[in-house]
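Enquirer: here you go, sequence then predicted model.
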Amino acid sequence: MAKEFSVPPVVFPSSAGNPNVPHQRRPPGAAPMPPFQPPRPSNSGPANPSIPFMSFDIGSTPASSSFSAPVFASSSGGGGSLSVSGSFEDEPPLLEELGINTRQIWRKTLSILNPLRVNANLHEDGDLSGPFLFLMAFGLFQLLAGKFHFGIILGWVIVAALFLYVVFNMLAGRNGNLDLYRCVSLVGYCMLPMVIFSALSLFVPHGGVVIFTMAAAFVLWSTRVCTALLVELASCGDEHRGLIAYACLLVYMLFSLLIIF
Amino acid sequence: MYNNLGNQAGPTGMQGPTGNPQPSPFGNAFYGAGSGLIRGGLGAYGERFLGSSSEFMQSNISKYFSNPQYYFQVNDQYVRNKLKVILFPFLHRGHWTRITEPVGGRLSYKPPIFDINAPDLYIPFMAFATYIILAGFSFGLEGKFTPEALSIQFTRGLAGWFMQVLLLKGLLYSLGGVEAPLLDMVAYGGYTFTGLSLTMLARLCWSSSYYVVMVSTSFLMGVFLLKTMKRVLFTEMRSYEKHSSRQHYLLLFMVIAQFPLFWWLGKIRAG
């Protein structure tokens, strides 16, 4: 039914109504709306001439205040949803709203790719979206190898990050200032060599010498980058570099187990 | 050393040795040395969950968990030497007693950096993780690796650690109520994982060496525990109870119990 009808301008009874409820409105002139509750101006009765098909009422309760507030929100800056009140251009873009700085993620990724020199300034503020991407990619490559490990990867990353957090803070003593968010971020970013390894392991015969040597190389790469970042970012890690390196080695060997076997 | 910092404020400012029921020397150092983890974690939880009874909880925490940060004051050299002591206790030429220092009117033991005989928690944690990873490799090389099997082995390892701690604690209680901090016993119990990891590594390299290495490492671990527990007992017990035969039989039992424990922990089963 391509019945076009004029969509009335939406007038919200209270603009501070319910900003958490996202609303979806199509632009005027689009396909006919699916049947949901259209808005009612606050002073309308049941026979509003601008919305001809709307005829239900909920008994004796007053019309508008009971359902216009929960269904439609005022134009809060819900990212990505169209609002009709004209502040669309003022809203920040979605990724910025979510705090995903793609350029920074890319730069951080590139910095991990060099195992010999580590740029710790980029990793000052942790973020979880880069690690999330890496873990999804890791899971996807494992899936290509026939192993469904998404939940296991997530669980093991959390356990590994907790382990590193506890060990680092205990070793560093009073002055250890690694916080868990940054620890998870670092562990996730340094997972990049493991992701590359899992991609390459798809082409290598299972159980041969090649895969073990590759595992050794990639685990050492991950460990080196992770240790360097941990020691530079959080204070008082320097005198315990070997001890922290062994802890990182254990963490990444755990993930290499998932890839090899 | 850490006791000196007892004036730094813990979350509710409860300090000092008053009301500390345990004669352990470092029970009161819990609040002073807090790293961010302890201060932020346990202290915050104490306030948040128990509110006005946080004093009760903190005094009880200090009874059971005497300052975990003490056990992590290690460095490379300590770790290397301690591994030598654990794995080859016959080669340890010096004495086995811990060095004490009078701090703030109480005798406390020196931290592990300064004293090779002090227990630490870094080596047990790393040894346990190494044991898990080597178990994973063993699974994989037999073709039986699944992540669930690894989790089960983790739980089994934790159970083994717990049994070892029970054994040591039981030994102490049955020989006259000697008070020693729980974390000490956790540390001594966790040292078995170093020998166990060595066993599993040997099995990975050359499978027929497994039984020889296992028997020898469990025996050596028994010797290490024997010497350590003897020292713990001797420093705390009254003099008329030393050299009792009951003590010797119980210590012998502890050494013999190492063999089945090692065998059980070393078994890699797919189930």
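Expert: Yep, it's here. Residues are numbered from 1 along each chain as shown, chains lettered A, B, ... in the order given.
Enquirer: can we go C-alpha only for contacts and neighbour counts from here?
Expert: Noted.
Enquirer: how about the stretch 101-250 of chain B: which residue is closest to chain A?
Expert: B:Gly140 (5.6 Å; CA to the nearest CA).
Enquirer: which residue is the nearest non-sequential neighbour of that residue?
Expert: Nearest non-adjacent residue to B:Gly140, counting by CA to CA, 6 or more residues apart in numbering or on different chains: A:Phe261, 5.6 Å away.
Enquirer: I'd say A:Leu180 and A:Leu162 touch.
Expert: Yes. Applying CA atoms under 8 Å, one finds A:Leu180 in contact with A:Leu162, separated by 7.3 Å.
Enquirer: re earlier: so the residue of the stretch 101-250 of chain B closest to chain A, which of the three states?
Expert: At B:Gly140, secondary structure determined by DSSP: H, G, I helix; E, B strand; the rest coil is helix.
Enquirer: the one 4 residues further on now?
Expert: Three-state secondary structure (criterion: three-state DSSP) places B:Lys144 in coil.
Enquirer: tell me the phi and psi of it?
Expert: Here is the backbone geometry of B:Lys144 (degrees, to the nearest 10): phi -110, psi 20.
Enquirer: pull out the buried positions in the longest helix seen in chain A.
Expert: As assigned by DSSP state H, the longest helix anywhere in chain A is helix A:209-233. The neighbour-count check on helix A:209-233 (16 or more other CA atoms under 10 Å in any protein chain shown) flags A:211, A:214-215, A:218-233 as buried.
Enquirer: that helix close to chain B?
Expert: No. Helix A:209-233 stays clear of chain B (CA under 8 Å from any CA of the partner chain), getting no nearer than 11.2 Å.
Enquirer: what packs against that helix?
Expert: The contact analysis (3 or more CA pairs under 8 Å, 6 or more residues apart in numbering or on different chains; DSSP states H and E) places helix A:209-233 against helix A:180-189, helix A:192-200, helix A:241-260.
Enquirer: check the offset of stretch B:160-173 from the chain's centre.
Expert: Offset of stretch B:160-173 from its chain centre (CA atoms, centre = their mean, to the nearest Å): 10 Å.
Enquirer: state the mean pLDDT of it.
Expert: Per-residue pLDDT values over stretch B:160-173 give a mean of 91.
Enquirer: do stretch B:137-157 as well
Expert: On average, stretch B:137-157 scores 91.
Enquirer: hey, where'd the helices end up in the chain?
Expert: Chain wasn't specified; assuming chain A. A:63-71, A:94-98, A:102-112, A:129-144, A:150-172, A:180-189, A:192-200, A:209-233, A:241-260.
Enquirer: hm, I was asking about chain B
Expert: According to DSSP H, the helices that chain B contains are B:36, B:44-50, B:54-64, B:76-87, B:122-141, B:147-174, B:182-190, B:192-205, B:210-236, B:245-266.
Enquirer: export those as CSV, with columns for mean neighbour count.
Expert: Formatted as CSV, the helices of chain B follow (neighbours: other CA atoms under 10 Å in any protein chain shown):
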stretch, mean neighbour count
helix B:36, 20
helix B:44-50, 15
helix B:54-64, 18
helix B:76-87, 17
helix B:122-141, 22
helix B:147-174, 17
helix B:182-190, 21
helix B:192-205, 22
helix B:210-236, 19
helix B:245-266, 16
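Enquirer: which one of these lies nearest to B:Thr97?
Expert: helix B:210-236 (6.3 Å; CA to CA).
Enquirer: now the angle from the closest one to helix B:76-87?
Expert: 110 degrees (axes from the mean of the first three to the mean of the last three CA atoms, to 10 degrees).
Enquirer: can you check the pLDDT for the residue nearest the centre of chain B?
Expert: Among the residues of chain B, B:Ala187 comes closest to the average C-alpha position under CA atoms, centre = their mean, at 0.8 Å. For B:Ala187, the model assigns a pLDDT of 92.
Enquirer: can you pull the contacts of it?
Expert: B:Pro119, B:Asp120, B:Leu121, B:Pro124 (CA atoms under 8 Å, 6 or more residues apart in numbering or on different chains).
Enquirer: show me what contacts the second one?
Expert: Neighbouring residues of B:Asp120 by CA under 8 Å, 6+ apart: B:Tyr70, B:Tyr71, B:Phe72, B:Gln73, B:Val74, B:Pro112, B:Asp184, B:Ala187.
Enquirer: angles on the backbone of the residue in the stretch 1-150 of chain A that chain B sits nearest to, please.
Expert: Among the residues of the stretch 1-150 of chain A, A:His149 lies closest to chain B, at 8.8 Å counting by CA to the nearest CA. When read as degrees, to the nearest 10, the backbone of A:His149 gives phi -120, psi 20.
Enquirer: what number of residues lie near the residue lying closest to it once chain neighbours are set aside?
Expert: Distances taken as CA to CA, 6+ apart put A:Gly139 closest to A:His149, at 6.1 Å, once the chain neighbours are dropped. If you count neighbours by other CA atoms under 10 Å in any protein chain shown, A:Gly139 ends up with 22.
Enquirer: ok, B:Phe262 touching B:Ser216?
Expert: No. Assessed by CA under 8 Å, B:Phe262 is found out of contact with B:Ser216, at 10.6 Å.
Enquirer: check whether stretch A:191-201 contacts chain B.
Expert: No. Using CA under 8 Å from any CA, stretch A:191-201 never reaches chain B; the gap is at least 15.5 Å.
Enquirer: now that stretch: mean pLDDT?
Expert: Mean per-residue pLDDT for stretch A:191-201: 94.
Enquirer: quick one: contacts of it?
Expert: A:109, A:112-113, A:131, A:134-135, A:137-138, A:141-142, A:211, A:214-215, A:218-219, A:221-222, A:252, A:255-256, A:259-260.
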